[in-house]
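*Asks:* Pasting the sequence and the predicted coordinates here, then a few questions.
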Amino acid sequence: MCRHLGYVGPPVAVGELVLRGSHSLYAQSWAPLDMRAGGTINADGFGVAWWRRAEVGMDGARDAVTRYRNPAPIWTDPAVAEVLGQLESRAVLAAVRSATVGMPIERSACAPFTDDHWAFSHNGVVQEWRTTLPAVLTDLAPFLDPSASASMFLHAEALTDAAALWVVLRALLAAIDPDGPVTSPADALRLLVTTVLRHQPDARVNLLLGNGSELWATTCWHALSVLVTDDYAVLSSEPYDDDPRWRPVADRQLVTASPGHCTITALEFPATERVRS
């Protein structure tokens, strides 16, 4: 499928993080260790998102996300070291892609997908996504703005399951309300994944979401490891080095991570049912 990486912590060179370690995300593009029958290499493009201070959001004080994407293999692009290496950010979300057969190999299909201060990546596949995800949207309609409809998919960046998943997740994130059924990004991810799995039990939905200060992820089939210290937090499909503090995350889990903090809870189907009842 794909490999992805999220970082939050002190400022780092964006390109350096992608190249970091003996088993960097860069190296995982041609030598992944744990694809779990999801392909052999990740040569169908890549993308990197990072955050910069900007006047966005209700309070005008959020970090806005910027990205760079290329549909070519990451090892063919000198900009990774020569350009991204000159940029610094306190948060990075990056992905290398192994396209599912039948899905386009083009820039618009490469993660991260972004909006305002959010960045998103999907490692996996949703079978029959063209019919599955509209059904998922219908199930989630009670939690969304009344204007939400299947026509939202017309605004997806690409004809891929990942881009369509981002359409639904973006609507859930917009519906976050401290007093509502969707109270946090973690709630949004849990709702999305469990609803997808209800319609497609064999779906592979390892999702990674960041907002410049915190990371959220799910594990469903594919691998994920976490490294959290007092200063920084990293979520990665595979550890990029042999630091003994890396911890693998079990299957069907929801992860929330920031510097000095990490919580891992089960992705349970009853959670969705409780919210809908």
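*Replies:* In hand now; what should we look at? Numbers count the residues shown, from 1 in each chain.

*Asks:* Now do the buried residues in stretch 234-254.
*Replies:* Val234, Leu235, Ser236, Ser237, Glu238, Pro239, Tyr240, Trp246, Val249, Arg252, Leu254 (16 or more other CB atoms under 10 Å). From N, CA and C alone the C-beta is placed, and that goes for glycine too.

*Asks:* so where does the last one fall, helix or strand?
*Replies:* Under the criterion DSSP states H and E, the helix or strand holding Leu254 is strand 253-258.

*Asks:* What is the neighbour count of the nearest residue to His199 once chain neighbours are set aside?
*Replies:* Leaving out its chain neighbours, the residue that sits closest to His199 by CB to CB, 6 or more residues apart in numbering is Thr132, at 5.0 Å. Thr132 has 19 neighbours, counted by other CB atoms under 10 Å.

*Asks:* Thr132 against Val125, yeah?
*Replies:* No: taking CB atoms under 8 Å as the definition, Thr132 is not a contact partner of Val125, at 10.7 Å.

*Asks:* so what sits against both of the two?
*Replies:* Ala203 (CB atoms under 8 Å, 6 or more residues apart in numbering).

*Asks:* ok, Pro78 - contacts?
*Replies:* So Pro78 contacts nothing (CB under 8 Å, 6+ apart).

*Asks:* quick one: it and Asp230, what's the gap?
*Replies:* Applying CB to CB, to the nearest Å, the value for Pro78 to Asp230 is 35 Å.

*Asks:* rewinding a little: ok, so of the buried residues of stretch 234-254, who is nearest Thr218?
*Replies:* Distance to Thr218 across these (CB to CB) is lowest for Leu254, with 5.5 Å.

*Asks:* Run through the bridge partners of the closest one.
*Replies:* Beta-bridge partners for Leu254, by DSSP bridges, are Thr218, Thr265.

*Asks:* was I right about it contacting Ile264?
*Replies:* Yes: if you go by CB under 8 Å, Leu254 and Ile264 touch, sitting 7.1 Å apart.
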